[in-house]
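*Asks:* next input, structure requested:
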Amino acid sequence: MSDFASGQDKAAGAAPLGLYVHVPFCASTCDFCAFYQVKPTAEGIDGFLDGITKEAAMVHWPRPVTTVFWGGGTPGLLSPPALRRLGEKVLACCGGRPEEWTVEMAPASVTVARLAVLKELGVTRISMGAQSFQPALLDGLGRMHTREQIYQAYERVRAADFASVNLDLMFALPGQTEAEWLADVAEARALAPDHLSTYCLTFEEDTALWIKLSQGRVKLDPENEARLYETTWAALAAAGYAQYEVSNFARPGHVCRHNVNTWEMHEWIGLGPSAASQHDGWRGANVSDLVQWRAHLAAGRRLTEDRLALTPVQLAEDALIFGLRMNAGVDLATWRARCPEAPWTAVDQLAGRLAAEGLATIAGTRLKLTDRGRLLADSVGLEVMEAFHEPAHA
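*Replies:* Okay, the predicted model is just below:
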């Protein structure tokens, strides 16, 4: 373990430790999706599960795992026996049952048998990608489920009695009207999930939607996006969902702790092809290829992509970028104490300018974005990067 990582652990005490498992299997590729995925085969799934065992054995596990998140791909596409195998492998690493354990599921993959296995393993949170209740919009996204399957899947998840249930929705879709989006929000509210994630559609390079954008078949409309953000925030606040991050809303006690720990720059370990890690003084990712990932593991290698030795300055920069997306904001004094060598003069100047422009508030040492500032969170993040990389501080 690096000196920096050791110092981080000592300073934080029993700091949270996350475990992310990337399950790369999908029956089909949605038009908006840029995550690594492959179609499932028996051989591929067996190889993946064996690879998880090998990779977990290569990891230094410094303390019990606090939170687990299975993403993809479609983790819920695995058969019940495969889910059990993966869950048992994960539990063997965790040093006990994690306090929060999230599994992403697509509505079409939710079955009573799968849910029973997940519940028995100790999964506490199901996150279901509904995206929309409008059949035409689902079809336009390339989603493989129907409106009816969303309702059926939700009923099954609730009947299985998981501690928390999240629904994902997407807005600013091609052809989507404001009335259609508000209808989707209303339908989601009527189901009464514990948590809602509402994502503005982004056009990731090399996706089907990116191609449509480049061909002029769909167009961006930033003013419409901003209006939909604001109407969403108001509608969900009225329904008792507190916004805690630009795209995430929860009833009391149902915040996704795994994501918050990540945004606050705690450590997490990633297993599986394409999985990223921030752990043991390093940040990096596994190769986004199931076969190559297994070949790397056979040769004793992991985190072969974008490998970066973490420094306190890098963590402070990222803590501001991601922390300002959260409603709680960032305590600048905490990071100033952890990383006195960061360019705090430039950060203070930026904070003052954001406050003067009505994009942020400063209360004591805590910097928070206003509602208007959160609409511009991506731009604010770029300004944070510029503050940390001005020539005087290079």
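*Asks:* which ones are touching residue 76?
*Replies:* Applying CB atoms under 8 Å, 6 or more residues apart in numbering to residue 76 gives the contacts 83, 103, 104, 105, 106, 109, 110, 114. Placement of C-beta: from N, CA and C, glycine included.
*Asks:* same question for residue 326.
*Replies:* Going by CB under 8 Å, 6+ apart, residue 326 touches 244, 245, 260, 263.
*Asks:* make a markdown table out of those and add secondary structure and neighbour count.
*Replies:* Shown next, in a markdown table, are these (DSSP: H, G, I helix; E, B strand; the rest coil; neighbours: other CB atoms under 10 Å):
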| residue | secondary structure | neighbour count |
| --- | --- | --- |
| 244 | strand | 20 |
| 245 | strand | 21 |
| 260 | helix | 20 |
| 263 | helix | 22 |
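*Asks:* just put the residues you listed in a markdown table and tack on distance to residue 287.
*Replies:* Converted to a markdown table, the contacts of residue 326 look like this (distance: CB to CB, whole Å):
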| residue | distance to residue 287 |
| --- | --- |
| 244 | 33 |
| 245 | 29 |
| 260 | 28 |
| 263 | 25 |
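*Asks:* turn those residues into CSV, columns for pLDDT and distance to residue 144.
*Replies:* Formatted as CSV, the contacts of residue 326 follow (pLDDT from 0 to 100; distance: CB to CB, whole Å):
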residue, pLDDT, distance to residue 144
244, 98, 30
245, 97, 28
260, 97, 31
263, 96, 30
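*Asks:* so which residue is dead centre in the protein?
*Replies:* residue 259 (5.9 Å; CA atoms, centre = their mean).
*Asks:* SS state for that one?
*Replies:* helix (DSSP: H, G, I helix; E, B strand; the rest coil).
*Asks:* for the contacts of residue 76, pick the one with the most neighbours.
*Replies:* Within the contacts of residue 76, neighbour counts (other CB atoms under 10 Å) peak at residue 103, which reaches 28 neighbours.
*Asks:* residues in contact with the nearest residue to it once chain neighbours are set aside?
*Replies:* Leaving aside its sequence neighbours, residue 103 sits nearest to residue 70 (CB to CB, 6 or more residues apart in numbering; 4.6 Å). Residue 70 makes contact with 20, 21, 23, 86, 102, 103, 104, according to CB under 8 Å, 6+ apart.
*Asks:* could you list every residue that touches the residue nearest to the third one when sequence neighbours are not counted?
*Replies:* Spatial nearest neighbour of residue 23, chain neighbours left out: residue 75 (4.0 Å); criterion: CB to CB, 6+ apart. By CB under 8 Å, 6+ apart, the contact list for residue 75 reads 21, 23, 83, 103, 104, 105.
*Asks:* again, only using 10 Å
*Replies:* By CB atoms under 10 Å, 6 or more residues apart in numbering, the residues touching residue 75 are 21-25, 69, 82-83, 86, 102-106, 109, 114, 118, 127.
*Asks:* those in strands, which ones?
*Replies:* By the criterion of DSSP state E, membership of these in strands covers 21, 22, 23, 69, 102, 103, 104, 105, 127.
*Asks:* would you list those in CSV and tack on distance to residue 139?
*Replies:* As requested, those are exported to CSV (distance: CB to CB, whole Å):
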residue, distance to residue 139
21, 30
22, 27
23, 25
69, 29
102, 28
103, 26
104, 21
105, 20
127, 23
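*Asks:* could I get the residues you listed as CSV with distance to residue 136 and pLDDT?
*Replies:* Formatted as CSV, the ones in strands among the contacts of residue 75 follow (distance: CB to CB, whole Å; pLDDT from 0 to 100):
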residue, distance to residue 136, pLDDT
21, 34, 98
22, 31, 95
23, 29, 95
69, 31, 98
102, 30, 98
103, 29, 98
104, 24, 96
105, 23, 95
127, 24, 97
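*Asks:* check the closest residue to residue 161 other than its chain neighbours and give its pLDDT.
*Replies:* Distances taken as CB to CB, 6+ apart put residue 119 closest to residue 161, at 7.4 Å, once the chain neighbours are dropped. On pLDDT, residue 119 comes in at 98.
*Asks:* number of nearby residues for residue 119?
*Replies:* 15.
*Asks:* that one reaches residue 84, doesn't it?
*Replies:* No - applying CB atoms under 10 Å, one finds residue 119 not in contact with residue 84, separated by 11.5 Å.
*Asks:* picking that back up, now the residue nearest to residue 103: how far from residue 250?
*Replies:* Going from residue 70 to residue 250 by CB to CB, to the nearest Å gives 19 Å.
*Asks:* which SS class is the closest residue to residue 231 other than its chain neighbours?
*Replies:* What sits nearest to residue 231 in space, not counting adjacent residues and going by CB to CB, 6+ apart, is residue 182, at 6.6 Å. Following three-state DSSP, we place residue 182 in the helix state.
*Asks:* list the contacts of residue 182.
*Replies:* Contacts of residue 182 by CB under 10 Å, 6+ apart are 171, 228, 231, 232, 235.
*Asks:* separation between residue 85 and residue 112?
*Replies:* 19 Å.
*Asks:* any chance you could map the helices in the stretch 251-394 of the chain?
*Replies:* With DSSP state H, counting those that start in this stretch as the criterion, the stretch 251-394 of the chain has helices at 257-263, 290-298, 312-323, 332-338, 344-356, 371-375, 377-388.
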